[in-house]
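Visitor: okay, sequence plus prediction incoming.
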Amino acid sequence: MIIPKHSRNVYDAAVRAVGARVIEVKAAEELEAAFGPRTAMVYILAGPNADEGPLSTRAIAEVAKGKGVPVLVDAAAEILTIPNVHLQAGADLVGYSGGKCLRGPQTAGLLLGRKDLVRAAWVHSAPHHGFARGLKVGKEEATGMLMAVEMWVRRDHTAEWSRWTSWLEHISRRVATIGGVTASVVQPVGLSNRTPSLKVLWDPKRFGISGETVARELFDGDPRLALFPARGEGEGSETGVSINPYMLSPGEEKIVADRLYAFLSNPTRKDPDAPLAPPVADLSGQWDVGIEYAAGTSRHVLHLRQRGNEIDGSHQGDFVSRDLSGTIDGDAVRIRSLYTEENGDALVFTFSGRIEGDS
């Protein structure tokens, strides 16, 4: 299975689960050389990187068709386009999530394209006893998916967009009355998660609280609000939250506005901008770390270099090594490593604790 570098993500594990070996390509010349007699498919994640350039869907499809290899576009997060933009660009198959833009069943989706390939996917899933039998979509979900598509093609998308915008403007007017808070509606680019959004920003030094903390506190509150942390685009250090309206029901924009206003109009300073305390120890060296997961355990190694309050180094796990960074504030230690999804998986580790004696 060939995947362009720009399309590696955590979801390509679903394709690897059938036993396919991934061949990653970074340039057009690598693409041409990657095809062989056992190449089963080319997988592309829909998005700006697949829209243009030497490894766009159209460019890849032209090469793949000459090799007799089908191209699948993963458009799970996109809006459904009719006629379909990916099939028009040369893809053989395109998949959509039922539970995102279509707002249908979370357990269902759409597979569109070449009839013989769609039929082959069906043969290997329920009601047959192929690989995907354990991933069966029930009659209820199939019917719900059909209804979601029918509603999609009948929906007044222009009126819906105006309604979403009006909700964001209501929230914006409410929070913008707080001194030091700005709010602006952001229009989307591309087809993925296509919805306007509201970015609410403030100075963390003035308010003593970050967007990450606000998002977490509102998510843990009652009623629960799911917002995204956000940051300003300039050189400044503005923090904030981003609000997406397309899962809201009428009237819920008032709940969001009131909760966010109450939080920001009288903020509790949970993220004070205080200087870090002198470190009580030097953690430079090799540290063996025991990790307990929800199911299983492992031993990792942290190679640390400390310079003042800053820590950097590497984190060696079971299979891969990645960079780490962190701080030591007096006796409080916080270290973080990240293995990004462009490698086909995402692994984020955060280690925190306090120094006691030699441990």
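Guide: Arrived safely.

Visitor: wouldn't Ala332 be in contact with Glu356 here?
Guide: No - proximity of Ala332 to Glu356 does not meet the contact threshold set by Cβ atoms under 8 Å, at 11.4 Å. Where you see a C-beta, it was placed from the backbone N, CA and C, and this is true even at glycine.

Visitor: which one's more surrounded, the two?
Guide: When Ala332 is set against Glu356 and neighbours are counted by other Cβ atoms under 10 Å, the residue ahead is Ala332, at 15 against 8.

Visitor: and that one, its phi and psi?
Guide: Ala332 adopts backbone torsions of phi -90, psi 130, taken as degrees, to the nearest 10.

Visitor: cool, and Val333?
Guide: phi -120, psi 140.

Visitor: one more: Leu324?
Guide: Backbone dihedrals for Leu324, given as degrees, to the nearest 10, come out at phi -130, psi 160.

Visitor: what's the closest non-adjacent residue to it?
Guide: For Leu324, ignoring the flanking residues on the chain, the nearest one in space by Cβ to Cβ, 6 or more residues apart in numbering is Ser337 at 4.0 Å.

Visitor: so who does that neighbour touch?
Guide: Taking Cβ atoms under 8 Å, 6 or more residues apart in numbering, we find Ser337 in contact with His315, Arg322, Asp323, Leu324, Ser325, Leu347, Val348, Phe349.

Visitor: who wins on neighbours among these?
Guide: His315 (24 neighbours).

Visitor: SS state for that residue?
Guide: Three states are possible here, and by DSSP: H, G, I helix; E, B strand; the rest coil the one that applies to His315 is strand.

Visitor: I'd like to know how far it sits from Leu324.
Guide: With distances defined as Cβ to Cβ, to the nearest Å, the gap from His315 to Leu324 amounts to 5 Å.

Visitor: overlap in contacts of those two?
Guide: With contacts defined as Cβ under 8 Å, 6+ apart, the residues adjacent to both His315 and Leu324 are Leu302, Ser337.

Visitor: which SS class is the residue nearest to Leu324?
Guide: Note that with three-state DSSP, the state of Ser337 is strand.

Visitor: please name the bridge partners of it.
Guide: Partner residues in beta bridges with Ser337: Leu324, Phe349, with DSSP bridges as the criterion.
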